[in-house]
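K.L.:
what follows is a predicted protein model with its sequence.
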Amino acid sequence: MAHDYEIGATGPGLTNLADLTPPVPEPKSNFQDSSRYVTLGDGSVRGLGWLAAEWRWTFLTRAQRDELKTFCAGASADVFIRTRTNDTIDTYGEYSATMIWPQNEEKSYSKRMDFVIRFVDLEVYTP
């Protein structure tokens, strides 16, 4: 089933995760408008830093994991993504980002469990 999560090594021509071979299911995701928060002297909080996002799966097959790995040969890589934002209608936005590969991968037979990919330093991308 198609969804709106997409990834690509270059800006134009992002690929829907459902169109990868093998298809990758829709992730659970979160979106952060700031990478860190500081408490000010008056008790209010200010967001600082870059935009960030996470894509999470309860599990991926080894083949699905390997397909995502093609976008991140090392520990991190520059990519382009389309991901859900925090807008009230859960709209999607396109961003250039640094993809951070998980440092530890929990393996169970031919699956990767509790798999999380982080995207940091998101910048709005307009094709």
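P.N.:
Done, it's in. What you are looking at is a predicted structure, and each value in this text was computed from that prediction instead of being measured. Numbering: from 1, shown residues only.
K.L.:
where do the helices sit along this structure?
P.N.:
62-69 (DSSP state H).
K.L.:
any idea how far Asp90 is from Val124?
P.N.:
Per CB to CB, to the nearest Å, Val124 is found 17 Å from Asp90. (C-beta placed from N, C-alpha, C; glycine too.)
K.L.:
scratch that, Arg82 is what I was asking about
P.N.:
According to CB to CB, Arg82 and Asp90 sit 13 Å apart.
K.L.:
looking at these two, which is more packed in?
P.N.:
The residue with more neighbours, out of Arg82 and Asp90, is Arg82; 19 against 11, by other CB atoms under 10 Å.
K.L.:
give the bridge partners for the more buried one, please.
P.N.:
Beta-bridge partners of Arg82, counted by DSSP bridges, are Glu6, Glu94.
K.L.:
ok, it to Thr61 distance?
P.N.:
According to CB to CB, Arg82 stands 23 Å off from Thr61.
K.L.:
just give me the neighbour total for the closest residue in space to Ala63 that isn't next to it in sequence.
P.N.:
Spatial nearest neighbour of Ala63, excluding adjacent residues (CB to CB, 6 or more residues apart in numbering): Pro22 at 5.0 Å. Applying other CB under 10 Å, we find 11 residues neighbouring Pro22.
K.L.:
cool, thanks, talk later.
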